[in-house]
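J.: Just need the structure, nothing else, for what follows:
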Amino acid sequence: MEQPVQAVNPGSSTLYFLIALLAAIVAAGVAYVFISKKNTVASGNWEGFQGPVNGVSDIPCGQESSFAVSLSELFAAKESSTEEGAADLMEFKLILSKLCCIKHDLMSTNRVVRSSMNLPFKASHDRENPADTVARCFTNSLPPRDLEISFETWRDRGLTLLDRLCTSYNLTDSESDKAKNDFMSVWSDTYSIARNVCVPCKKVEVSSPRDPKGFVPESIKDLGTYLGYY
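T.: Residues are numbered from 1 along each chain as shown. You can find the predicted model right below:
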């Protein structure tokens, strides 16, 4: 005896379809959120939190300065007309990366030499390894004069390279002026932070009126220096 065939309830099928469609929409929304978050770049510019070393440009720690990114983009869109242009640009970008990575480390909350650790030493513009400079900052063992000399060397070499690059890459006068202003903005920003972090503050000595002090009687104030013997 054949079993009677049960009729399909149209309402149940529609309900199951709507549930499946809703689940698919939720899954797609969650996936979109994770993908968009993956491409974001944290920065340590203002809050003092240490973000990733490689950020928005081909310059390590470039996310620390929009001026460094602007300089990188300027030369990326041009070609050198001299044989030395490529090498000069590579060294110039290395100076920019050192300034940005030093800033990145100095502004970190954990006070650890991380971003500047693997930066190479180059005799043409380094007085010491950049990582050593940051480490001495954190231990307050870097004299102000040593800090000044290091930053002056980066500045002078960077400006020399930039003058040559402006010629090699045929920059206009306005582009050259902007490039120099951008470089000085990167340099002065990092130097300002370094002076605040690296140079220990001197304690102000406050004397009290009750502290013992030397006393010279009025009767001998006008006398000359005694040159005889006791």
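J.: Centre of the chain to the helix or strand where Lys180 lies, how far?
T.: Applying DSSP states H and E as the criterion places Lys180 in helix 173-198. Averaging C-alpha positions (Cα atoms, centre = their mean, to the nearest Å) puts helix 173-198 12 Å from its chain's average.
J.: Tell me which stretches of the protein form helices.
T.: Secondary structure of the chain by DSSP state H: the helices cover 10-38, 66-76, 85-106, 130-138, 144-168, 173-198.
J.: helices or strands next to the last one in the packing?
T.: Counting contacts by 3 or more Cβ pairs under 8 Å, 6 or more residues apart in numbering; DSSP states H and E, helix 173-198 is packed against helix 66-76, helix 85-106, helix 130-138, helix 144-168. Just so you know, the C-beta spots here come from the backbone N, C-alpha and C atoms, and that holds for glycine as well.
J.: who's in contact with the first one?
T.: If you take Cβ atoms under 8 Å, 6 or more residues apart in numbering as the criterion, helix 66-76 is touched by 56-59, 62-63, 89, 93, 96-97, 99-100, 165, 169, 171, 175, 178-179, 182-183, 185-186, 189.
J.: Buried members of these into PyMOL, please.
T.: To isolate the buried members of the contacts of helix 66-76 in PyMOL, using 16 or more other Cβ atoms under 10 Å:
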select buried, resi 57+59+62+63+89+93+96+97+99+100+165+169+171+178+179+182+183+185+186+189
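J.: Quick check: which ranges of this structure have low pLDDT?
T.: Across the chain, the ranges flagged by pLDDT under 70 are 1-13, 32-57, 200-216, 218-230.
J.: ok, 90 please
T.: For the chain, applying pLDDT under 90 flags the ranges 1-60, 62-64, 76-77, 108-112, 117-118, 139-142, 198-230.
J.: Nearest to Ser124, out of the helices and strands packed on helix 173-198?
T.: Ser124 lies closest to helix 144-168 among the helices and strands packed on helix 173-198, at 6.1 Å (Cβ to Cβ).
J.: picking that back up, now the helices and strands packed on helix 173-198 in CSV, with distance to Cys198?
T.: Compiled in CSV, these are given as follows (distance: least, Cβ to Cβ, whole Å):
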stretch, distance to Cys198
helix 66-76, 21
helix 85-106, 8
helix 130-138, 4
helix 144-168, 5
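J.: Out of those helices, the one nearest Ala123 is which?
T.: Of all the helices and strands packed on helix 173-198, helix 144-168 sits nearest to Ala123, with 10.4 Å by Cβ to Cβ.
J.: Which other helices and strands does that closest one contact?
T.: Using 3+ Cβ pairs under 8 Å, 6+ apart, the elements in contact with helix 144-168 are helix 85-106, helix 130-138, helix 173-198.
J.: could you dump these to CSV with distance to Ile149?
T.: Output for the helices and strands packed on helix 144-168, formatted as CSV (distance: least, Cβ to Cβ, whole Å):
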stretch, distance to Ile149
helix 85-106, 15
helix 130-138, 11
helix 173-198, 12
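J.: and Leu159, which of these is closest to it?
T.: Closest to Leu159 of those is helix 173-198 (Cβ to Cβ; 7.0 Å).
J.: could you give the angle of that closest one to helix 144-168?
T.: Comparing the axes of helix 173-198 and helix 144-168 via axes from the mean of the first three to the mean of the last three Cα atoms, to 10 degrees yields an angle of 160 degrees.
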